[in-house]
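> Sequence first, then the predicted structure, then my questions.
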Amino acid sequence: MLTGQRCVVTGASSGIGLAIARAFGEAGAAVLVHYHSHSGQASELVDEIRRRGGTAHGAQADLGQPAGCEQLLQQATRLLGGIDVLVANAGIQKDAAFTELTLEDWRQVMDLNLTGQFLCAQHAVRAFRRQGPDAQRSRALGKIIFINSVHQRIPWAGHANYAAAKGGLKLLMESMAQELAAEKIRVNAIAPGAIRTPINEDAWSTPEAMEKLLQLIPYGRIGEPEDVARAAVWLASDAADYVVGTTLFVDGAMSLYPAFREGG
């Protein structure tokens, strides 16, 4: 489905990013597995993709810094020979009540979750233009998939920095899509709901926590990283060639305000 595609997945050493990078490798893509500090997990994934006959490389970069974003895309050109797909997934949480939220924690989340996504996407678009079209590789000149969150839509008390970054990412994606679509650059997003990853382990690791969480998910189960990965493979493929400027919610209907199921 992605044979011949050269794909960069940020934050790919764990959770959703790892599942996406693995799925891209299984779909035939050459994958650059980005990590910030977990080199061991990234190396294991690279080895796994290679054992299955695929092409993969690891790449370290701090995407909370402008130089790190530029460095990552340079590594994509050097190791993969170019880039056809950017999956901008890297992100962090620094949670606190609103009046206790420090400026440092506000800035760290914004620097990675919003500014880092912007800068990586900017470098990717420039690379798409330099490379030019290749109809044998893809119908699009290039593809960018932002991994957003249901909190681009749902307010989240105690997480003002995270929700603000995700809300900003929504309009960044849509503005880019509007501007770049005429060049056949497809920009979209995926908004996961509750997914079983290490970042939110407290929300699902005990029966009591899981019971409380499932009250927010009409479909009745927590999501798995592979649920998001399968959506990303489709969205990156030519099967989704007419999908531009769209956020695909992968959330078991969490964003449909389940508290109103009984009439509010």
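Happy to help now that I have it. Numbers count the residues shown, from 1 in each chain.

> Neighbouring strands of the lengthiest strand in the chain in the sheet, and parallel or not?
For the chain, the strand that runs over the most residues, judged by DSSP state E, is strand 185-192. If you go by DSSP bridges, strand 185-192 pairs up with strand 142-147 (parallel), strand 247-250 (parallel).

> And the ones you listed: which comes nearest Tyr257?
Tyr257 lies closest, by C-beta to C-beta, to one member of those: strand 247-250, at 12.7 Å. The C-beta positions use only the backbone N, C-alpha and C, and glycine is treated the same way.

> residues touching Val187, list them.
Under the criterion of C-beta atoms under 8 Å, 6 or more residues apart in numbering, the neighbours of Val187 are Ala121, Lys143, Ile144, Phe146, Met173, Met176, Ala177, Leu180, Ala181, Val244, Gly245.

> Pipe the residues you listed into CSV and attach neighbour count and secondary structure per row.
Listed next are these as CSV, based on neighbours: other C-beta atoms under 10 Å; DSSP: H, G, I helix; E, B strand; the rest coil:
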residue, neighbour count, secondary structure
Ala121, 22, helix
Lys143, 29, strand
Ile144, 27, strand
Phe146, 25, strand
Met173, 24, helix
Met176, 20, helix
Ala177, 19, helix
Leu180, 21, helix
Ala181, 14, helix
Val244, 18, coil
Gly245, 16, coil
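
> so which of those comes closest to Phe24?
Closest approach to Phe24 among the contacts of Val187 (C-beta to C-beta): Lys143, at 11.6 Å.

> State the distance from the closest one to Val243.
The gap separating Lys143 from Val243 is 10 Å, by C-beta to C-beta, to the nearest Å.

> Same question for Asp251.
Asp251 sits 18 Å away from Val243, taking C-beta to C-beta as the criterion.

> again, but for Asp111
29 Å.

> Compare these two and say which one has the larger neighbour count.
Between Asp111 and Val243, counting by other C-beta atoms under 10 Å, Asp111 is the more crowded of the two (18 against 14).

> isn't Tyr162 right up against Asp95?
Yes: using C-beta atoms under 8 Å, Tyr162 is in contact with Asp95, at 7.2 Å.

> hmm, back to that, avg pLDDT for the longest strand of the chain?
Throughout strand 185-192, pLDDT has a mean value of 98.

> Distance from the chain centre to it, please.
8 Å (C-alpha atoms, centre = their mean, to the nearest Å).

> cool, stretch 231-247 as well?
13 Å.

> For the lowest-mean-pLDDT helix or strand in the chain, list every residue counted as buried.
Using mean pLDDT, DSSP states H and E, helix 207-214 stands out as the lowest-scoring helix or strand of the chain, at a mean of 92. With burial defined by 16 or more other C-beta atoms under 10 Å, the residues of helix 207-214 counted as buried are Leu213, Leu214.

> same question, stretch 48-56
Per 16+ other C-beta under 10 Å, stretch 48-56 contains these buried residues: Ile49, Gly54, Thr55, Ala56.

> again, but for stretch 216-230
By neighbour count on 16+ other C-beta under 10 Å, the buried set for stretch 216-230 is Leu216, Ile217, Ile222, Gly223, Pro225, Asp227, Val228, Ala229, Arg230.

> do the same with stretch 149-162
Buried, per 16+ other C-beta under 10 Å, within stretch 149-162: Ser149, Val150, His151, Gln152, Arg153, Ile154, His159, Ala160, Asn161, Tyr162.

> Likewise for stretch 180-200?
Buried residues in stretch 180-200 (16+ other C-beta under 10 Å): 180, 184-197, 200.

> Let me see the contact set for Ile185.
Val125, Phe128, Ala140, Leu141, Gly142, Lys143, Ile144.

> Quick check: the last one touching Ala181?
No: in this structure Ile144 lies outside contact range of Ala181 using C-beta under 8 Å: 11.6 Å.

> and the residue nearest to Arg196 when sequence neighbours are not counted, how far is that from Gln152?
Nearest residue to Arg196 in three dimensions, chain neighbours excluded: Ile222, at 5.2 Å (C-beta to C-beta, 6 or more residues apart in numbering). Counting by C-beta to C-beta, the gap from Ile222 to Gln152 is 20 Å.
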